[in-house]
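Student: Sequence first, then the predicted structure, then my questions.
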Amino acid sequence: MTTGRKILVVDDEIEIGEFIAAAAENLGLECIFTTDAIAMEQLLTPDVGLIVLDLMMPEMDGIEAMRRLSELKCKAGIVLMSGISTRVLETAEKLARSLDLVVVGHLSKPFKISDLEAILLKQHPIGPKVVTKTSPPFQMEDERLQAAVDRNEFLVHYQPQIDIATGAVIGVEALVRWQCPERGLLYPDSFLRRAEQMGLIDDLGWLVAERALEEVKQFASSDGVVPRLALNLSVQSLHDLNFPDRFIDTLHRHGTPMGSVILEITESGLIYELSNMLDVLTRLCMKGIKLSIDDFGTGYAMMQQLLNIPATELKIDREFVMNMDLSTSDRVMVEKSIEIGHELGMKVLAEGVETAEHLGSLRQKGCDAAQGYFFSRALPPKDLVHWLATYEIGNSR
């Protein structure tokens, strides 16, 4: 389904529809209106670029309407609207995103015309929101993925990590990519889960570590300082009591100081076989390896694991950061994560920083570091070398 400049309002209150239509027309935008969500599909022509959808409607409510829009693979921007609580609206937004719908905002009734106009102007000219997506999952034979690991068909891209107070680059995160001969460059969501299911994730992690420890030397500053390297650590590696010794040997072989590497562990994965994991993690810390709890806030037992893991850094999940200026729940989650991290003596890094507003909010809240598209996407080594040479610290402060 393509999208265009027209606005479709779906609300059972005629007055609201007329109010929104008048505001849209004042901005030079065409608007159509229906009080019947069931009729929405007939009005959803290719020139509709924005849908203003009320959640509370008879017969088909807004949640059911979103489900149908998802089935239709609708790519128009969606503004959710209701007189119910803000938290319910925010939850509905998360549901919409989980259905691959493009949510551009919400309006709590009664709303001001300025709030409505702000959303409409942000979307002008009306059209599909640009969403950066990684490669979709695809069906593959297990033998093909096994062969990819055996042949080491994987590359590493690097995303800069920035000190919020100074604007300086403090590190890079190594992110795996599969250079598949048949399908081109593939992103992690295409293969990581299957690699875990097949028991290949540990082997893949070692391939990434070997390549990244060699390539990170290219990113040294003019005075020879190499940025800190962040490596994602598989939970499967934490079951191996020999992992610390093997990892230290790998660092020595590459001539990498132990203090210049940080291992990122997804905290939602730390709830099983705790004794082995604590054994491995404690030994890593005793040897001078820094640990980061990744995707903080997304796990089922995050507070317990936060107290158990001897981490030096807390990474706030990107979903909270990207929505913190729109969602009260996400804003509170970001603020409390920063407070908790600092109280436990950790540095706090926020992922998913995409705008100057995100960076400003994080600075105001006392966050230590950030990474995200506002600075740079993950880059191949040669591109990152160029980025580092042209990066201006003043632009990020």
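Tutor: Nice, I can see it.
Student: Tell me which helix or strand Lys73 sits in.
Tutor: For Lys73, there is no host helix or strand (DSSP states H and E).
Student: go on, Leu362?
Tutor: helix 356-365.
Student: what is the rounded mean pLDDT of the following helix or strand past that helix?
Tutor: In the C-terminal direction, the helix or strand that comes right after helix 356-365 (DSSP H and E) is strand 369-370. Strand 369-370 shows a mean pLDDT of 97.
Student: quick one: the helix holding Leu362 to chain centroid distance?
Tutor: 17 Å (CA atoms, centre = their mean, to the nearest Å).
Student: same thing with stretch 322-333?
Tutor: 14 Å.
Student: first to last residue in it, what's the distance?
Tutor: Length of stretch 322-333, first residue to last, CA to CA, to the nearest Å: 12 Å.
Student: What is the burial count for the closest residue to Pro310 other than its chain neighbours?
Tutor: Computed as CB to CB, 6 or more residues apart in numbering, the closest residue to Pro310 that is not its neighbour in sequence is Cys285, at 4.7 Å. In short, each C-beta sits where N, CA and C put it, glycine included. Per other CB atoms under 10 Å, the neighbour tally for Cys285 reads 17.
Student: for Thr266, same thing?
Tutor: Neighbour number of Thr266 under other CB under 10 Å is 18.
Student: My guess is it contacts Ser292. True?
Tutor: No - with contact defined as CB atoms under 8 Å, Thr266 does not reach Ser292; the gap is 10.1 Å.
Student: which stretches of the stretch 51-200 of the chain form strands?
Tutor: 77-82, 102-108, 154-163, 169-180, 184-186 (DSSP state E, counting those that start in this stretch).
Student: Check which helices and strands the fourth one is in contact with.
Tutor: In this case it means strand 169-180. The contact analysis (3 or more CB pairs under 8 Å, 6 or more residues apart in numbering; DSSP states H and E) places strand 169-180 against strand 154-163, strand 184-186, helix 201-215, strand 228-232.
Student: With distance to Ala370 and mean neighbour count as new columns, can those be given to me in TSV?
Tutor: Shown next, in TSV, are the helices and strands packed on strand 169-180 (distance: least, CB to CB, whole Å; neighbours: other CB atoms under 10 Å):
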stretch	distance to Ala370	mean neighbour count
strand 154-163	5	22
strand 184-186	26	15
helix 201-215	21	19
strand 228-232	13	22
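Student: Of all the ones you listed, which one is nearest Leu359?
Tutor: strand 154-163 (8.7 Å; CB to CB).
Student: Would you convert the strands of the stretch 51-200 of the chain into TSV that also reports mean pLDDT and distance to Leu229?
Tutor: Listed next are the strands of the stretch 51-200 of the chain as TSV, based on pLDDT from 0 to 100; distance: least, CB to CB, whole Å:
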stretch	mean pLDDT	distance to Leu229
strand 77-82	87	38
strand 102-108	84	35
strand 154-163	97	9
strand 169-180	95	6
strand 184-186	87	22
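Student: Which of these sits closest to Asp249?
Tutor: Once the strands of the stretch 51-200 of the chain are compared by CB to CB, strand 169-180 is nearest, at 18.8 Å.
Student: relative to strand 228-232, how tilted is the closest one?
Tutor: Taking axes from the mean of the first three to the mean of the last three CA atoms, to 10 degrees, one finds strand 169-180 and strand 228-232 inclined to each other by 40 degrees.
Student: about what we covered before: reformat the helices and strands packed on strand 169-180 as JSON lines; add distance to Arg253.
Tutor: Output for the helices and strands packed on strand 169-180, formatted as JSON lines (distance: least, CB to CB, whole Å):
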{"stretch": "strand 154-163", "distance to Arg253": "17"}
{"stretch": "strand 184-186", "distance to Arg253": "29"}
{"stretch": "helix 201-215", "distance to Arg253": "8"}
{"stretch": "strand 228-232", "distance to Arg253": "15"}
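Student: Can you check which of these gets nearest to Glu71?
Tutor: When those are compared by CB to CB, strand 184-186 sits nearest Glu71, at 26.8 Å.
Student: Quick check: can you list the domain ranges of the protein?
Tutor: Here the domain parsing of the chain from automatic domain parsing is 6-122, 142-396.
Student: ranking these by mean pLDDT, which is last?
Tutor: Among those, domain 6-122 carries the lowest mean pLDDT (a mean of 82).
Student: out of everything not next to it in sequence, what's closest to the spatially most central residue of the chain?
Tutor: Within the chain, one residue has its C-alpha closest to the average C-alpha position: by CA atoms, centre = their mean, that is Arg318, at 3.8 Å. Nearest residue to Arg318, sequence neighbours excluded (CB to CB, 6+ apart): Gly352, at 2.6 Å.
Student: Any idea how far stretch 355-370 is from the middle of the chain?
Tutor: On CA atoms, centre = their mean, the centre of stretch 355-370 falls 16 Å from the chain's centre.
Student: CA atoms only for that stretch - export them in CSV, please.
Tutor: Provided in CSV are the C-alpha atoms of stretch 355-370 (Å, rounded to 0.1, in the frame of the first residue of the first chain):
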residue,chain,number,x,y,z
THR,A,355,17.8,13.6,17.7
ALA,A,356,19.3,16.6,19.4
GLU,A,357,16.3,16.6,21.7
HIS,A,358,17.2,13.0,22.8
LEU,A,359,20.7,14.1,23.6
GLY,A,360,19.6,17.2,25.4
SER,A,361,17.2,15.3,27.6
LEU,A,362,19.8,12.7,28.5
ARG,A,363,22.4,15.4,29.3
GLN,A,364,19.8,17.1,31.6
LYS,A,365,19.1,13.8,33.3
GLY,A,366,22.8,13.2,33.9
CYS,A,367,23.4,10.3,31.5
ASP,A,368,27.1,9.7,30.9
ALA,A,369,27.3,8.4,27.3
ALA,A,370,25.3,7.8,24.2
